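Enquirer: have a look; sequence and predicted model below, questions after that.
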Amino acid sequence: MKLPNAHEELLRFSSRIRIAGLGAGLFFLILLGRFVWLQLIQYDRYHSLAESNRIALVPAIPARGVIFDRNSVILARNFSAYTLEITPSKAGNLEDTINRLSTLVHIDDADRKRFKRLMAESKDFESIPIHTHLTEAEVARFAVNRFRFPGVETRARLFRQYPFGNSFAHVVGYIGRINDDDLDALAESDQDANYRGTDHIGKLGIEKSYEQWLHGHTGIEKVEVDASGRAVRQLSRTPPQAGDNIYLNLDSKLQQVAETAFGQMRGSLVALDPKTGGVLALVSEPGFDPNLFVDGIDPANWKELNDSPDHPLINRTLRGVYPPGSTIKPFMALAGLQLGLRRPGEAIPDPGFFTLPGSSHRYRDWKVGGHGMVDIKKAITVSCDTYFYGLAQQMGIHRMHDFLTQFGFGDKTGIDLDGELTGLMPSPEWKEKRYKQPWWPGETVIAGIGQGYTLATPLQLAVATMAIANNGVIYKPQLLRAWADTATGKMHYAAPQILNRVELKPEFVQLVRDAMVQVTQPGGTAAAAGAGAPYLFAAKTGTAQVVGIKQNQRYDAAHLSLRNRDHALFIAFAPADNPRIVVAAMVENGGHGGSTAGPIARKVIDYWLLGKVPNAPVTPVDAPPDSEQEDAAPAEEPLVAPADTVPAITAPAGAVPNGH
Amino acid sequence: MAIKFWLRRLFSHIDLPLVGMLLVLMALSSAVVYSASGSSMDKLLSQFVNMGVALTAMLLMTLLPPQRLMQFALPIYVLGVVLLVGVAAAGDVVNGARRWLNLGVTRIQPSELMRLGVPLMLAWYLHTRQEVMAHRDFALAAVLLLIPVGLILKQPDLGTAMLISASGFYVLFLGGLSWRILAAGAVSLAAFTPIAWRYLLHDYQRQRVLTMLDPTSDPLGTGYHIIQATIAVGSGGLSGKGWLHGTQTHLDFLPEGSTDFIFAVFSEEFGLLGNIVLLLLYSGIIWRGLTLAVNASSLFGRLLSGSIVLTFFTYAFVNMGMVSGILPVVGVPLPLISYGGTSMVTVLVGFGIVMSVASHKKLVKT
């Protein structure tokens, strides 16, 4: 009983073991199936997953091109420094993180505010600087404590620096962090791939105009990373190609001479090379420090710049529009001669005022009692209003508009900077469209002395003056002089571009030039500014009214608040017999053109032609005439004009001639 | 002379084919642990120490006659249950589970003791009842199984509870539990599963199962292990990336690369061919182990050996299944490959018992 039982039991055990063994084998076959699925059938998929785990493509950011002036003086450069950056999505409690960081690294209120502003503009996974320019001690201190700060790291970055600070802010501009608008623009122009890893872009000035050249080409570094994202080794590398270095026509010394000459005065100055259109100086005062903008400006500084009544952020050379005033007269004279309305030497009497036929309204000359017998040359030299009232009336607004437009009035000059305004060369068609009103004959009269609707930027005045200096040839104003291709090391020079060739008889040009030289001689309106110039100094003064003067009032600077005083204008070129520099200067509330703007232009020209370095700002000289004209529309507050739109001109009572 | 004699006695109960395959597996282990630990000599040496201790323990176990082992069955079981009750009452909580018992001198994990304690107890019990074996005895054996399993589930330690259940079940199955009851058990288990899912499992256990079914639902948590392990296995391809060249491993994408997830390292570096070799080795060991079990002279020996070998299979299967993403993540090392002393000692002590049981039969007969 026991033996068969034991035998049976053994048989049963063996069969169960066999079943179990078969079961185990079956399960192993399932595993084998799974391995075949993963390792053979799905191999490609998992292989690429492992590769994308392992390999990271890190953009290698190109060094931005350096900006030089014409003498290879650096205007914008790069330097390497450490920033402390936080990636908000990885950092947890930001407030707490920043508080703890501030025990290691100097973080002030401005840093915190700027961080908040940048955070609002950025995405959560982007790394945002909390503090820039860490000292070596700070870098070391943070490195030791890094484990306590997830999502926080120091990064060695190339920074942009503008060594001249305020001096070139409006020309060179600045770079700033790429925002959503920039990203959209980059995506639209298919540039976004090249900007992977770049977080700054040109926002203003040359930095913006030549962004594409300055930026360079982003390289790619293929690195192996571990699970925490740390690069373990480099697999391959396509080096970045640095941006092209850019050389400007600007002369940094000349620019500084002009800047110094302005002193505390507000205004702008444009100096051009009449032979090429090269921009030698472009000054808008007051300026601002572009370095503040590179890593995002802090709210306090921003508020100060933006709210300042001096409007330091506005580039007055191309965004400030003013009535050209008497600076229009040389061009009116050319129009009169060229159109056959006036002949050289032909004189008319000036009783001190002009009246339209059939009207008793008097358009007064700036000089009570008039200038006596005035020919076209004297009309320029003494800035006779009466002469040009008559000429304008005879010429008519259409011919005036068409002739002056040739000099670039009312149109952009095409300078290689963004944001240029067109100014305004009025016509009856324009007025009908703009105001649905007919053109009044009196408006033609005051247009003849650059008042009324006419508006021009200092840059336009300089460009127009180039035509007189150059026998009618106008070059496009260009800041770019050359660029060095980093790939080949070759220098490329920007060719001068002719903007227009105004048909002018040489003897007429010569006459106007001579008259403008007389302006700086004793008896001329800029005699003080021209005193002792050892070269032929051709110039014309101008005044742009800020507030309208009623028919029966006299302009009295002493009774006007400082900001309502006239703007001073001045155009010049020298030497008159072989012009090497053209200047247009404007001083806001500077009074008469000869007294403030003239001396500034003189210092600039002296430096350029004689190498004379002035050591003090211009002190306004008392030029004889207080005002050159009256019945005129005031200058529209020029600084608030939005880009590309002509500012509305509201003519106050008494400004629009009423006696017809 | 005398030394030779003693040496001979010492190794007289060794089964060469089995030990040969175990040693090959352990050689593989050294290679993979070295790679998985980032070429750490320290870790390799410490694994060698583990192997030395485990092999010694195995050798000693081969010398222990099964009759002596039988005497330990009840005391070990009772001690284990008492300690488990102690854990439930006053155990230390580590990572949310109450698994450790602090004895003042040292901390122990009583569930480890029961890995061998349960099959030992059940094999001994069925052995003593073999003359009169009836359904009643299987029922009582089932109760003996469920007491420690219930206590371990309570800790909670689902993985260990399931593996101990499996080892106990193997004893019952090999002991001749009738197919009808097996079928009934299977049906009631199927019915019980939804209830257990709903009421007995802890949240994290449910989560693990859910994550296994769809790792992408939790790519940064539990799913991360599964995703990265699957990528490691899949990217190994046919012949692997080569020893020390697994990118998933060496760039730290694989967590726990030298312990529970070491199979992913092996798979990544040696590919499908390596996996086949590993499966063949495991199959060979299981085959040899089951053969030895069949040849054992007593029911106790057969049941215990069979259960130990099948449990060994279960560990291997569950670990590889978990790493390749077809089973949920449970804390089970890959037997004889994973780094760690406890598991290696447990497995080799088991094989020591299997060899002891197989070689001591002649002594019993005479």
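Expert: That came through fine.
Enquirer: what does chain A put close to chain B?
Expert: Where proximity means CB under 8 Å from any CB of the partner chain, the interface of chain A facing chain B comprises A:2, A:5, A:9, A:12-14, A:16-17, A:20-21, A:24-25, A:27-28, A:30-32, A:34-36, A:38-40, A:42-43, A:45-47, A:49-51, A:53-54, A:224-228, A:232. All C-beta spots, glycine's among them, are computed from the backbone N, C-alpha and C.
Enquirer: of these, which belong to helices?
Expert: When the residues of chain A next to chain B are checked against helices (DSSP state H), the matches are A:2, A:5, A:9, A:12-14, A:16-17, A:20-21, A:24-25, A:27-28, A:30-32, A:34-36, A:43, A:45-47, A:49-51, A:53-54.
Enquirer: isn't residue B:232 right up against residue B:250?
Expert: No. At 10.8 Å, residue B:232 does not count as touching residue B:250 under the criterion of CB atoms under 8 Å.
Enquirer: ok, and the closest non-adjacent residue to residue 325?
Expert: Answering for chain A, as no chain was given. Leaving out its chain neighbours, the residue that sits closest to residue A:325 by CB to CB, 6 or more residues apart in numbering or on different chains is residue A:542, at 3.6 Å.
Enquirer: my question was about chain B
Expert: residue B:230 (4.6 Å).
Enquirer: and the strands in chain B?
Expert: Along chain B, the segments classed as strands by DSSP state E run B:92-94, B:97-102, B:107-108.
Enquirer: higher neighbour count, residue B:232 and residue B:250?
Expert: In terms of neighbours (other CB atoms under 10 Å in any protein chain shown), residue B:232 is the more surrounded of residue B:232 and residue B:250; the figures are 32 against 23.
Enquirer: which element follows the helix or strand hosting residue A:465 toward the C-terminus?
Expert: Remark: residue A:465 resides in helix A:458-469, with elements defined by DSSP states H and E. Per DSSP H and E, helix A:458-469 leads on to strand A:473-475 as the next helix or strand towards the C-terminus.
Enquirer: helices or strands next to that next one in the packing?
Expert: The contact analysis (3 or more CB pairs under 8 Å, 6 or more residues apart in numbering or on different chains; DSSP states H and E) places strand A:473-475 against helix A:458-469, strand A:498-501.
Enquirer: show me the shaky parts of chain A.
Expert: For chain A, the stretches with pLDDT under 70 are A:1-5, A:122-125, A:228-229, A:547-561, A:593, A:615-660.
Enquirer: what bridges to the residue nearest to residue A:325?
Expert: residue A:569 (DSSP bridges).
Enquirer: number of residues surrounding it?
Expert: 32.
Enquirer: and for residue A:12?
Expert: As a burial measure, residue A:12 scores 13 neighbours (other CB under 10 Å).
Enquirer: if we can go back for a sec, of the strands of chain B, which stretch is the most buried?
Expert: Burial among the strands of chain B, expressed as mean neighbours by mean count of other CB atoms under 10 Å in any protein chain shown, is greatest for strand B:97-102, which shows a mean of 18.
Enquirer: in the stretch 251-400 of chain A, what residue is nearest chain B?
Expert: Of the stretch 251-400 of chain A, the residue with the smallest distance to chain B, taken as CB to the nearest CB, is residue A:296 at 31.8 Å.
Enquirer: and that residue, helix, strand or coil?
Expert: Here residue A:296 is coil, with the state taken from DSSP: H, G, I helix; E, B strand; the rest coil.
Enquirer: isn't it up against residue A:179?
Expert: No. Under the criterion of CB under 8 Å, residue A:296 is not in contact with residue A:179, lying 9.9 Å apart.
Enquirer: neighbour count: the two, which is higher?
Expert: Relative neighbour count places residue A:296 above the other of residue A:296 and residue A:179, with 21 against 15, counting by other CB under 10 Å.
Enquirer: contacting residues for the more buried one?
Expert: Under the criterion of CB atoms under 8 Å, 6 or more residues apart in numbering or on different chains, the neighbours of residue A:296 are A:114, A:117-118, A:129, A:176-177.
Enquirer: how about the helices in the stretch 101-250 of chain B?
Expert: Under the criterion DSSP state H, counting those that start in this stretch, the stretch 101-250 of chain B carries helices at the ranges B:110-128, B:135-154, B:158-174, B:179-195, B:203-213, B:222-236, B:247-250.
Enquirer: if we can go back for a sec, shouldn't the residue nearest to residue B:325 be in contact with residue B:322?
Expert: No. Between residue B:230 and residue B:322 there is no contact under CB under 8 Å: 10.7 Å.
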